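Q: kindly generate the corresponding structure for this input.
(one chain, ligands or ions: 1)
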Amino acid sequence: MSSPSNLSSTSAWSAAAQLVARWLERRERVDALLENLPPKLGAAERTRAHGLVLGVVRHHARLDAATRAWLAHPARPITQAALLLAGFELIESSGEMPDGLAAKIVHHAVEQTKHLASPAEARLVNAIVRKLATSLPAQPVPGRLADAAALAEYFSHPVWLVQRWLAQFGAEATRRLLEWNQSPAPVYARWRAGATAAGEAAVAVPDFLRPTQWAGFYEVPPGHWREVERLLAAGQVYLQDPSTRLAVELLAPQPGEMVVDLCAAPGGKSVLIADTMGAGRLVAFDLPGVRLDRLKENLARTRGVEVALVQGDVLKDAGKLLIEHNLPSNYPAVLLDAPCSNTGVMRHRVDVKWRLQAGDFARHAEQQRKMLVAAGRLVLPGGRLIYSTCSIDPEENEQVVAAFVAQTRGLFSRETEAMAWPWESAHDGAAVFRLRRAG
Ligand SMILES: C[S@@+](CC[C@H](N)C(=O)[O-])C[C@H]1O[C@@H](n2cnc3c(N)ncnc32)[C@H](O)[C@@H]1O
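A: As a prediction, this is how the structure comes out:
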C-alpha cells in the first residue's frame, strides 16, 4: 500500500479524476489513457496519478457497487470519478487508517469536486464519501464458501470469469488468484549489463535495484524513474516481469544459433534471446504497426547478435516472406509467443478483465492453433518449436498444443513445458511448451 501522505498531491488527484472520468465514458485501454497525463506533472505526481487510476480500475466493481448504493440518480462521469477515487483511497488506507485520514480523504475529494465539477456536486460527494468512509473499510472479506457473485464484487472481476476459474482451478486457487490480481504490481527490471561486449568491464548493479528470487531480475522501488530511464537508454536494463524468462529458458538459444521469434514486439523475449546467445542470428517477426517501432528501438540496444527485423503476418506464408528478405525459411529454433487473453498478467494489466468476453477464449484458441501450424512449417527437421502465452487458461494452452500435436500426426511431439500460476509462482502467469519436430 502506498503512503496515505501521497493524498496531499492535488494535481495528481485532479489529473487522475479527469482520466477516470474519460475511462468511464469511453473505456479506453488504460495504458493508452495514462499517456494523456499532463506533461507538467512531476515524476512523483505522475506515479501517484498512475496509482490512483490503476487503483480505481482494479477495484471498479467494488467501488461502483458501494457508490451506487447511495446515489439516487446517475452522477456525471467527473463526479463519479471523484467518488471512485476517494473510495479507492479509503480501500488503499484501510488496515492502517491513521486518525483523521478518512476526514482528510473526504475533505480533499470535496474541494477537488468544487473545481472539477460544481458546488452542488461537491455537496453530493461530501455526503457519499462520508458514508463510504464507514461502509467500505468495514466490508467483510467474503468467506470460504462465498459464491461467484460475492467474490466477483468484492475482488472486482466479472462474475462469468470467476465462475470459469472456480470450475477450472477450484475455490482455494481462485481466491488466491483474485487476491493476487488485486494487489499492486511491482515494476521489475532485468539487468542486462552482463551482455556487454567482450573486454568491457562489468557494470555494477545500482544499489536502488532490489534483488529478487529470480536471477538477473530486480524490483524497481518507486521514486527512481529518472535513473531507470538512464539505464534503459544505455541498454543496461529491460523492464519485464520474471515470468518472461520461462519461454527463453525452454527455447535455450545457443551461441551462434539462428533463431526466429515470430511474435516479437515489443521485444522483451527477443532482447533476452539476444542477451542469452551473445552471438548468432535472430529474426524478429511481427505485424506492421507501432509495436514494431518499439521492437526496432529495443533491438537497437542488443549487441553481438545479428538481428533481422521482418514485418509481416505469420498466417500469410511467413516462409515466403522470409525468403524475400534473403533469410532462410526453416530454423532450428522457433518461438511463437502468441497473442492471448492475458489472464496471467491481470495484476499488471488491470483493465483486461473489463474488456475480456467469454467468447474470447475460443477466438484466441482458433487463431493460436492456426499460428502454431504456420510456425511449425518454419522448423527444421529435429528443431524445436516453443509455444508460449501469458494466459493461464487451458483452452489457450494445453488444448491448443494437444490439437496441434494431433494434427501433425507424429511430426511434432511435446518435449517439456513450464506453467506459472501467479498464486504459486509469485510473478505473472505464463504457459510455455517445447515441441520437437521429428528429425
Ligand atoms: C504476446 S505479444 C508478444 C510479446 C513479445 N514476444 C515480447 O516478449 O515482448 C503478441 C504479439 O503477436 C503479434 N501478432 C499477432 N498476430 C500476429 C500475426 N498474425 N503475425 C505476426 N504477429 C502477430 C502482435 O502484434 C503482438 O506483438
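Q: list the contacts for the residue of the stretch 101-250 of the chain found nearest the ligand?
A: Nearest residue of the stretch 101-250 of the chain to the ligand, counting by Cβ to the nearest ligand atom: T244, 5.9 Å away. From N, CA and C alone the C-beta is placed, and that goes for glycine too. With contact taken as Cβ atoms under 8 Å, 6 or more residues apart in numbering, T244 is in contact with 268-269, 272, 428, 430.
Q: out of those residues, who's near the ligand?
A: Among these, proximity to the ligand is found for 268-269 (Cβ under 6 Å from any ligand atom).
Q: now pLDDT, secondary structure and neighbour count too, for the contacts of T244, in CSV please.
A: Converted to CSV, the contacts of T244 look like this (pLDDT from 0 to 100; DSSP: H, G, I helix; E, B strand; the rest coil; neighbours: other Cβ atoms under 10 Å):
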residue, pLDDT, secondary structure, neighbour count
G268, 97, helix, 21
K269, 98, helix, 23
L272, 97, helix, 25
D428, 98, coil, 25
A430, 98, strand, 28
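Q: could the contacts of T244 be laid out in JSON lines, adding distance to Q168?
A: Formatted as JSON lines, the contacts of T244 follow (distance: Cβ to Cβ, whole Å):
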{"residue": "G268", "distance to Q168": "27"}
{"residue": "K269", "distance to Q168": "26"}
{"residue": "L272", "distance to Q168": "29"}
{"residue": "D428", "distance to Q168": "18"}
{"residue": "A430", "distance to Q168": "16"}
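Q: what is the host helix or strand of V129 packed up against?
A: Assigned by DSSP states H and E, V129 belongs to helix 119-138. Applying 3 or more Cβ pairs under 8 Å, 6 or more residues apart in numbering; DSSP states H and E, one finds that helix 119-138 contacts helix 60-68, helix 77-93, helix 101-116.
Q: between these, which one is nearest to E229?
A: Closest approach to E229 among the helices and strands packed on helix 119-138 is made by helix 77-93 (26.7 Å; Cβ to Cβ).
Q: sorry, back to before: quick check: the farthest pair among the contacts of T244?
A: Checking the contacts of T244 with Cβ to Cβ, the most distant pair is L272 and D428, at 14.6 Å.
Q: the ligand contacts on this protein?
A: So the chain meets the ligand at 244, 263-269, 286-287, 291, 313-315, 337, 339 (Cβ under 6 Å from any ligand atom).
Q: quick check: buried residues in the helix ranked longest in the chain?
A: In the chain, assigned by DSSP state H, the helix with the most residues is helix 159-181. Neighbour-count burial for helix 159-181, with 16 or more other Cβ atoms under 10 Å as criterion, is recorded at 161-166, 169, 173-175, 177-178, 180-181.
Q: try stretch 311-328
A: For stretch 311-328, by 16+ other Cβ under 10 Å, it's 311-312, 314, 318, 321-322, 327-328.
Q: stretch 266-283 now?
A: 266-278, 280-283.
Q: L287 versus the residue lying closest to C263 once chain neighbours are set aside, what's the distance?
A: Of all residues not flanking C263 in the chain, D337 sits nearest, at 4.7 Å (Cβ to Cβ, 6 or more residues apart in numbering). In this view, D337 and L287 are 13 Å apart by Cβ to Cβ, to the nearest Å.
Q: between the two, tell me which one has more neighbours.
A: Neighbours of D337 and L287, each counted by other Cβ atoms under 10 Å, are more numerous for D337; the result is 25 against 13.
Q: so that one sits right up against P266, yeah?
A: No - using Cβ atoms under 8 Å, D337 makes no contact with P266, being 11.1 Å away.
Q: show me where the stretch 201-350 of the chain has its strands.
A: 210-211, 217-220, 237-239, 258-261, 280-286, 305-311, 331-337 (DSSP state E, counting those that start in this stretch).
Q: the helix or strand containing S11 - contacts with which helices or strands?
A: In this assignment (DSSP H and E), S11 forms part of helix 10-26. When contacts are defined as 3+ Cβ pairs under 8 Å, 6+ apart, helix 10-26 sits against helix 30-34, helix 43-58, helix 77-93, helix 101-116.
Q: quick one: contacts of that helix?
A: Contacts for helix 10-26 (Cβ under 8 Å, 6+ apart): 6-7, 28, 30, 33-34, 36-38, 41, 44-46, 48-49, 52-53, 56-57, 76-78, 80-82, 84-85, 108, 112, 115-116, 351.
Q: please repeat the previous calculation with a cut-off of 7 Å.
A: With contact meaning Cβ atoms under 7 Å, 6 or more residues apart in numbering, helix 10-26 is reached by 28, 30, 33, 36-38, 41, 45, 48-49, 52-53, 56-57, 77-78, 80-82, 84-85, 108, 112, 116.
Q: which of those are buried?
A: 30, 33, 37, 41, 45, 48-49, 52-53, 56-57, 77-78, 80-82, 84-85, 108, 112, 116.
Q: and Y218, what does it touch?
A: Per Cβ under 7 Å, 6+ apart, neighbours of Y218: 188-189, 191, 205, 209-212.
Q: kindly report the same for L292.
A: 265, 286, 311.
Q: where does the stretch 101-250 of the chain have low pLDDT?
A: Applying pLDDT under 70 to the stretch 101-250 of the chain flags residues 194-201.
Q: what's the longest strand in the chain?
A: Longest strand in the chain, counting residues (DSSP state E): strand 379-389.
Q: from the contact counts, what lies against the following helix or strand past that strand?
A: Using DSSP H and E, the helix or strand that follows strand 379-389 towards the C-terminus is helix 398-407. Counting contacts by 3 or more Cβ pairs under 7 Å, 6 or more residues apart in numbering; DSSP states H and E, helix 398-407 packs against helix 360-376, strand 412-420.
Q: any idea of the mean pLDDT for the shortest one?
A: To tie it back to what came earlier, the one meant is strand 412-420. Average pLDDT, strand 412-420: 98.
Q: and what of stretch 345-365?
A: 98.
Q: run the chain-centre distance for that stretch.
A: Taking Cα atoms, centre = their mean, to the nearest Å, one finds the center of stretch 345-365 at 11 Å from the center of the full chain.
Q: can you give me the end-to-end span of that stretch?
A: Stretch 345-365 has an end-to-end distance of 18 Å (Cα to Cα, to the nearest Å).
Q: same check on stretch 243-258?
A: Span of stretch 243-258 from end to end, Cα to Cα: 24 Å.
Q: thought V187 was touching P221?
A: No - using Cβ atoms under 7 Å, V187 makes no contact with P221, being 8.5 Å away.
Q: more neighbours: which of those two?
A: More neighbours surround V187 than the other of V187 and P221, with 16 against 11 (other Cβ under 10 Å).
Q: can you tell me which of the residues of the chain next to the ligand are in helices?
A: Those of these lying in helices (DSSP H): 268-269, 291.
Q: can you list the domains in the protein?
A: Split into domains by automatic domain parsing, the chain comes to 4-139, 186-239, 241-437.
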